[in-house]
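> I'll drop the sequence and a predicted model, then ask my questions.
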Amino acid sequence: MKTFLLALMMALTTLAPAMAADTSHAHDSAWLKPTEAQYVCMMNNKVFDKPQIAIEVEGKTYYGCCPMCADKLKNDVSLRTATDPVSGKPVDKASAVIGADTHGMTYYFESKENFDKFASGPMPPMDGGMKMHEMKGGMMMQEEKNGATKSVDPAPSSKNDENHQQHH
């Protein structure tokens, strides 16, 4: 019995690193997926599994997940732009090539070439590289050094903000 358990333990320790290596390789090759704009709330930069509300602004179409997001996108030009993480240039979200990573972070690119270049590299770290932006519509916006943005829910300041944050 001891011989069997010892053999089983040795087999598992031999296979575990190989299985882990296979998993990480699969993760690296597919960490960023192209995403259609209609599935992105451009207010909080999150990807959803259903089309979002189309918002027409100056002949361009943006998307938001709720009426509150639609109002903010209509009234705040800074919410309609992002920074391309490859070129560092501002990009209009309505015309950007959009990608989403496995953690739900959304990235906006000025071209398919920039998307491909960024996607072929390693997934950016999720820790420490964020800088805080001002409050926008009850959400604290953050931007990573590589240009990705995400929202962080602060303590709700009103009943409407609380309902909106729970929605997200």
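Structure's in. What do you need?
> Around the nearest residue to Asn45 once chain neighbours are set aside, count how many other residues there are.
Leaving aside its sequence neighbours, Asn45 sits nearest to Thr106 (CB to CB, 6 or more residues apart in numbering; 4.2 Å). (Glycine included, C-beta is placed from N, CA and C.) Neighbours of Thr106 under the rule other CB atoms under 10 Å: 23.
> my read: Thr106 touches Thr35, true?
Yes. Counting by CB atoms under 8 Å, Thr106 touches Thr35, with 7.1 Å between them.
> Can you check which residues contact both of those two?
47, 98-100 (CB atoms under 8 Å, 6 or more residues apart in numbering).
> and which of the residues you listed is nearest Asp116?
Taking CB to CB as the measure, Asp116 sits nearest to Gly99 out of these, at 9.7 Å.
> Show me the two of the shared contacts of Thr106 and Thr35 that sit farthest apart.
Greatest spatial distance in the shared contacts of Thr106 and Thr35: Val47 and Gly99, 9.6 Å, computed using CB to CB.
> on that earlier part again, and of the shared contacts of Thr106 and Thr35, the nearest to Ile55?
Distances from Ile55 to the shared contacts of Thr106 and Thr35, taken as CB to CB, are shortest for Ile98 (15.5 Å).
> what's the distance between the residue nearest to the closest one when sequence neighbours are not counted and Asn75?
Spatially, and ignoring its direct neighbours in sequence, Ile98 is nearest to Thr35 (4.6 Å; CB to CB, 6+ apart). In this view, Thr35 and Asn75 are 25 Å apart by CB to CB, to the nearest Å.
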